[in-house]
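Novice: Here is my input, please return the structure:
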Amino acid sequence: MRTHQHSIQIWGIPTHVHVSGGQGPTVLLLHGGICDSTALSWRGVIPLLAGTCRVIAVDLPGFGRTPMPADKKVNIEFYTGFVAELMDRMNIDRATIAGISMGGMIALSLYFEHPDMVERLVLINSAGLDGDFPLRRLGYVLTRVPSFYEWMIRRLARDRSAVERMVGVMIHDKSRVTPGLIDRTYASVSRRNTVRAFAEFVQDQVQFDGLKTNYMSRLPKISVPVTVIASERDRFYPLQIMERAVKRLRYGTLRVIRDCGHWATVEHPDRIASLIIEAVSQGCYTGPHAGTKHHNGKYGKHSPLGAIGQLA
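Specialist: Sure thing, here's the model as predicted:
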């Protein structure tokens, strides 16, 4: 299995890219927000995918080892164009796009802006499917306070115990919150890039009446297979949102990971890898709403989505 990491210039930004495998379908992995990166979200998933797929994972500008753009604001439009340019530069005509949280939002945006580039979507506890925001209008006001989010994340950067509490909110099984994970997360929070990138992205997203990006009403227009992976214990994007999303999709499948929090790629990388492999191996769906599957090894009744609820 070939694995290498390198930097390529995208819009003048030295972009950190991880490439593994070589044979099989191409899967592009997009990490989440806050303090995320390829090394945090995908480190346990990539080796499990690389035997089946050609895996490409990128640190988005402002995250991980990729610096912020010098002359551009970070928002959903910027990241969408950036990913499209990355694929073009790497001669990727079409790929499965898998994203967690913010990465799922970017994957959806890429489809709507460049549908020919997307073979299928794998959305893991994805943002962009609900217009609500904590505290609503107060949240809007707080994001307009100069440097509010920078201040908040800088507090994390000075307090390792606060980082541990934050990770504990994102991970249900506390045995997975290891000292090594806290060390890596704390190092990521401490980077100046991460502070500015997430602050700019959130400020652009939070509007007076809710979030700017909500693709729920546009989901019926997606004509490629979509696997929606939802964590049963996600405290950010509840399972009910993902159920509504799959009901709107023409070729959608819901996969539910039991006893798992928001950061599913870290908490259960083996389950995430197997679900991505399942998605890329299925080819085309034979009909809408292929079903709901819970990863606990049992078969159950019909799902409330009107499709067979398979408990695998």
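Novice: quick one: terminal-to-terminal distance for stretch 199-212?
Specialist: 15 Å (C-alpha to C-alpha, to the nearest Å).
Novice: Mean confidence (pLDDT) on it, please.
Specialist: For stretch 199-212, the mean per-residue pLDDT is 81.
Novice: do stretch 261-274 as well
Specialist: Here the average pLDDT along stretch 261-274 is 98.
Novice: quick one: contacts of that stretch?
Specialist: 32, 40-45, 48-49, 100-101, 124-125, 167, 169-173, 176, 181, 229, 231, 233-237, 257, 260, 295 (C-beta atoms under 8 Å, 6 or more residues apart in numbering). In short, each C-beta sits where N, CA and C put it, glycine included.
Novice: Grab the CA positions of that stretch and hand them over as CSV.
Specialist: Extracted C-alpha coordinates of stretch 261-274, given in CSV (Å, rounded to 0.1, in the frame of the first residue of the first chain):
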residue,chain,number,x,y,z
GLY,A,261,-21.1,10.8,19.5
HIS,A,262,-20.5,13.6,16.9
TRP,A,263,-16.9,12.8,16.2
ALA,A,264,-17.6,9.4,14.7
THR,A,265,-14.5,9.2,12.6
VAL,A,266,-12.4,9.3,15.8
GLU,A,267,-14.7,7.3,18.1
HIS,A,268,-15.4,4.5,15.6
PRO,A,269,-13.0,4.7,12.6
ASP,A,270,-13.5,1.0,11.8
ARG,A,271,-17.3,1.5,11.4
ILE,A,272,-16.9,4.6,9.3
ALA,A,273,-14.4,2.9,7.0
SER,A,274,-16.7,-0.1,6.5
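Novice: Neighbours of residue 6, how many?
Specialist: Residues lying near residue 6 (other C-beta atoms under 10 Å) number 9.
Novice: Just to be sure, it is in a strand?
Specialist: Yes. Counting by DSSP: H, G, I helix; E, B strand; the rest coil, one finds residue 6 located in a strand.
Novice: Skipping adjacent residues, who's closest to it in space?
Specialist: residue 17 (6.1 Å; C-beta to C-beta, 6 or more residues apart in numbering).
Novice: Kindly report the same for residue 73.
Specialist: residue 200 (5.9 Å).
Novice: Can you get me a residue count around that neighbour?
Specialist: 19.
Novice: Quick one, grab the pLDDT at residue 107.
Specialist: 98.
Novice: Give the full set of residues in contact with residue 87.
Specialist: 28, 93, 95, 117.
Novice: The last one and residue 91, how far apart?
Specialist: If I follow you right, that is residue 117. 12 Å (C-beta to C-beta, to the nearest Å).
Novice: and those two? which has more neighbours close in?
Specialist: More crowded of residue 117 and residue 91, by other C-beta under 10 Å: residue 117, with 18 against 6.
Novice: residues in contact with the more buried one?
Specialist: Counting by C-beta under 8 Å, 6+ apart, residue 117 has contacts 84, 87, 92, 93, 94, 95, 110.
Novice: Who wins on neighbours among those?
Specialist: residue 110 (25 neighbours).
Novice: who does the host helix or strand of that residue touch, helix- and strand-wise?
Specialist: Following DSSP states H and E, one finds residue 110 within helix 102-113. Where contact means 3 or more C-beta pairs under 8 Å, 6 or more residues apart in numbering; DSSP states H and E, helix 102-113 is packed against strand 26-30, helix 76-89, strand 95-100, strand 118-124.
Novice: Can you show me the strands along this protein?
Specialist: Using DSSP state E, the strands assigned to the chain run over residues 3-10, 13-20, 26-30, 54-58, 95-100, 118-124, 206-207, 210-211, 226-231, 252-257, 291-294, 309-311.
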